[in-house]
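> here's a sequence, model it:
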Amino acid sequence: MWTSGSLALLLTWAACPVSAHRIARDEAPGAEVEKLQRRVEKLEGAVQRLSAEQQLAEMNIQAERDDFAMRLGHLESKLRELEEKKGDEETTVASPNTEEYEEEAEVPVAGNKADLQQKLEEAAAEGHAAEVVRLMRMGADASMRDESGRSPLHWAAREDQAASVEAFASEGTDLEMKDDQGNTPLHLASIFGKAAAARALLTAGADANAKNQQGLTPKELAEKANLYGDRAAIKAAFA
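Alright, predicted model coming up:
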């Protein structure tokens, strides 16, 4: 039976939701803490996903810029070749049998180091494996980088040229060279979904766990979200 004192105490307790909540919380603190921890973990996971997506987007934007720069460089190289060829033809007509012309004709194209490097980059990106080997043996340097810090092997991976990758590997090229973003050739193969190049690099011994400047590995990039190529195929390459 309720006494007046008991009833007053009950009414006071009911009118104070904060006290009621505190008592309920005190009765089951573990469950409340676990609930808060789950919420924190979910929020942290969302932040990490957004951060990773932002990093990937930035990497892809940079990759597109570098790709444009490479293609522009190739066009400029072709234009120079056409201009040089035109100049050579004019020289031949003007003095076809002069001793001076004969000496110039004997100088191989490989005499121009920059031109040799440009040709190696083009051969790598176009999949001309035999030409890659020939140019390297003529003196082209596989470790030379372009404006974005990429080597010819990076471009072979970017363009999914497995034959070029194998050619570089057969000549002892460093598979772990990094560009200005800290990406190895295998990183680029993952970013752009180039499964054939990725398989060739992995077969040759490339490190699937090498980290770039964002702390991401080629394997993680293949698993998360490449925006180009065949995502299923690139994931399978690392399986």
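> sketch out the low-pLDDT regions of this protein for me.
Filtered on pLDDT under 70, the chain yields the residue ranges 1-29, 48-78, 80-82, 84-111, 225-229.
> for it, what spans make up the helices?
4-14, 17-27, 29-94, 99-106, 113-126, 129-138, 152-158, 162-170, 185-191, 195-204, 218-224, 231-237 (DSSP state H).
> buried residues in the last one, which are they?
Burial within helix 231-237, assessed by neighbour count using 16 or more other CB atoms under 10 Å, is assigned to R231, I234, K235, A237. Glycine gets a C-beta too; all of them are placed from N, C-alpha and C.
> tell me who's in contact with the last one.
Going back to what we said before, that points to A237. A237 makes contact with A195, A198, R199, L202, A222, according to CB atoms under 8 Å, 6 or more residues apart in numbering.
> ok, of those residues, which one's closest to D179?
Taking CB to CB as the measure, D179 lies nearest A198 of those, at 16.4 Å.
> how about the contacts made by the closest one?
The neighbourhood of A198, defined by CB under 8 Å, 6+ apart, consists of A157, L186, A189, S190, P218, A222, I234, A237, F238.
> so which of those is the closest to M136?
Lowest distance from M136 to these (CB to CB) belongs to A157, with 16.6 Å.
> could you count how many residues lie near the residue lying closest to N209 once chain neighbours are set aside?
Setting aside the residues directly before and after it, N209 is nearest to T217 in space (CB to CB, 6 or more residues apart in numbering), at 4.8 Å. The tally of other residues near T217 (other CB atoms under 10 Å) stands at 20.
> going forward, begin numbering at 637 instead of 1
Sure thing, new numbering starts at 637, so read that last one as T853.
> quick one: T853 and K847 touch, right?
Yes: in terms of CB atoms under 8 Å, T853 counts as a neighbour of K847; the distance is 5.7 Å.
> picking that back up, now do the same contact list for the residue nearest to N845.
T853 sits next to H823, A844, N845, A846, K847 when contact means CB under 8 Å, 6+ apart.
> how close does N819 sit to K678?
Distance, N819 to K678, using CB to CB, to the nearest Å: 31 Å.
> which one of the two has more residues nearby?
Counting neighbours by other CB under 10 Å for N819 and for K678 shows that N819 has the greater number, 32 against 10.
> the more buried one and I827 touch, don't they?
Yes: taking CB under 8 Å as the definition, N819 is a contact partner of I827 at 7.4 Å.
> please report phi then psi for A776.
phi -70, psi 140 (degrees, to the nearest 10).
> without its sequence neighbours, what residue ends up closest to it?
L756 (4.0 Å).
> for that neighbour, give me its contacts.
V768, L771, M772, A776, D777, A778, P788.
> now a ChimeraX select for only the buried ones of those.
Buried residues among these (16+ other CB under 10 Å), as a ChimeraX selection:
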select :768,771,772,776,778,788
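> pick out whichever of the contacts of L756 sits closest to L752.
Nearest to L752 among these is A776, at 4.8 Å by CB to CB.
> show me what contacts the closest one?
A746, L752, Q753, K755, L756, P788.
> can I get these in TSV with distance to F804?
As requested, these are exported to TSV (distance: CB to CB, whole Å):
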residue	distance to F804
A746	18
L752	16
Q753	14
K755	15
L756	10
P788	7
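> which one of those sits closest to L672?
Minimum distance to L672 across the contacts of A776 is 53.6 Å, recorded for P788 (CB to CB).
> leaving out the residues flanking it, which one is nearest to the closest one?
A760 (4.0 Å).
> thinking the one you found is in contact with A793, fair?
No: A760 is beyond contact range of A793, at 9.1 Å (criterion: CB under 8 Å).
> the two - which one has more neighbours?
A793 (36 against 31).
> not counting its neighbours along the chain, what's nearest the more buried one?
Using CB to CB, 6+ apart and skipping the chain neighbours, the partner closest in space to A793 is P821 (3.8 Å).
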